[in-house]
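> pasted the sequence and its predicted model underneath.
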Amino acid sequence: MTPSPLDAIPREAITGVILCGGQGSRMGGIDKGWIDFDGQPLVQHALARFAPQVGTLLISANRNIDRYAALAPVVTDTEPDFPGPLAGIVAALHATTTPYLACIPCDVPRLPSDLVQGLAHGLLYQAGEDGAATVAVAATHDTTGRRVHPVIALIDRTILDSSEAGLRQGERRMMSWLRRHNGRTVDFADSTAFYNINTPALLEHASDATP
């Protein structure tokens with residue numbers, strides 16, 4: 001996805017949140033944000049890619065909070081026991097006053113520099129028979145087919161109340177949340193930019209798999 005030279009949404013209208021609050025179960029319970037990749041923690045890679053694309057930055061974390069707070073303001077889940085990325089998104093929606101929230105996971109270190117504005121164009125201008133979108137998420141194509149990345153998203157803050165209500169009612173699946181909020185998918189051409197390091201094996205091969 002390549003946006004036009006004019007921003008669909010001004011950067012100052014977008015708060016970004018890096019989601020570092022997961023349990024890291026597929027990594028043996030390690031806090032993934034602090035896993036070293038190419039000489040830096042994954043959260044530092046995320047900051048370098050993401051911060052220039054948003055006006056304000058937050059980190060969603062439930063461990064190592066002081067360490068994360070040295071990088072950016074931290075929000076924590078209101079629900080116990082690592083309930084998943086939706087809890088981090090709801091906490092970030094509460095913490096921001098900007099009209100839009102962009103979110104990424106901490107374990108995708110090569111996200112494209114046009115990510116947020118690509119999502120913004122999809123959110124504002126992508127046609128749909130079911131009305132205006134309130135969420136846009138990234139999608140890619142590779143040898144296995146089309147893949148949707150629901151945690152890489154741009155969200156209209158007006159869905160805070162409904163998102164929080166769903167979370168309290170036990171909603172955890174991001175795709176269910178996306179459908180309920182009339183979500184759009186935005187295709188990005190470079191699937192390698194979305195390489196997700198969430199297991200030891202993927203970490204071992206990450207340098208070969210990402211540009």
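Yep, that arrived.

> the longest strand along the chain: partners in the sheet, and parallel or antiparallel?
Identified as the longest strand of the chain according to DSSP state E is strand 145-156. When pairs are called by DSSP bridges, strand 145-156 turns out to pair with strand 100-105 (antiparallel), strand 135-142 (antiparallel).

> buried residues, it. List them.
Neighbour-count burial for strand 145-156, counted by 16 or more other C-beta atoms under 10 Å, picks out Val148, His149, Pro150, Val151, Ile152, Ala153, Leu154, Ile155, Asp156. For glycine as for every other residue, the C-beta is placed from the backbone atoms N, C-alpha and C.

> same list (those residues) but as CSV, adding distance to Ser163 and pLDDT.
Rendered in CSV, the data for those read as follows (distance: C-beta to C-beta, whole Å; pLDDT from 0 to 100):
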residue, distance to Ser163, pLDDT
Val148, 18, 94
His149, 18, 94
Pro150, 13, 92
Val151, 14, 94
Ile152, 16, 97
Ala153, 11, 96
Leu154, 14, 97
Ile155, 8, 96
Asp156, 10, 95
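
> format these as CSV; extra columns: distance to Pro105.
Conversion of these to CSV gives the following (distance: C-beta to C-beta, whole Å):
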residue, distance to Pro105
Val148, 14
His149, 9
Pro150, 10
Val151, 5
Ile152, 7
Ala153, 10
Leu154, 14
Ile155, 14
Asp156, 20
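
> pick out whichever of those sits closest to Asn64.
Checking these against Asn64 with C-beta to C-beta, the nearest one is Val151 at 19.8 Å.

> list the contacts of the closest one.
The contact partners of Val151, taken as C-beta atoms under 8 Å, 6 or more residues apart in numbering, are Leu19, Pro85, Cys103, Ile104, Pro105, Val137, Met174.

> confirm that Leu123 sits in a strand.
No - under DSSP: H, G, I helix; E, B strand; the rest coil, Leu123 sits outside any strand and is assigned helix.

> which residue is the nearest non-sequential neighbour of it?
Using C-beta to C-beta, 6 or more residues apart in numbering and skipping the chain neighbours, the partner closest in space to Leu123 is Ala136 (3.9 Å).

> quick one: the strands in this structure, in order.
Using DSSP E, the strands found in the chain span residues 14-19, 36-37, 40-41, 56-60, 74-75, 100-105, 135-142, 145-156, 184-187.

> who does the fifth one touch, helix- and strand-wise?
In terms of contacts (3 or more C-beta pairs under 8 Å, 6 or more residues apart in numbering; DSSP states H and E), strand 74-75 is packed against strand 56-60, helix 85-95.

> want to throw the ones you listed into TSV with distance to Phe188?
Compiled in TSV, those are given as follows (distance: least, C-beta to C-beta, whole Å):
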stretch	distance to Phe188
strand 56-60	21
helix 85-95	19
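
> what residue is smack in the middle of this structure?
Ile104 (2.0 Å; C-alpha atoms, centre = their mean).

> for that one, name its beta-bridge partners.
According to DSSP bridges, the partner residues bridging Ile104 are Ile18.
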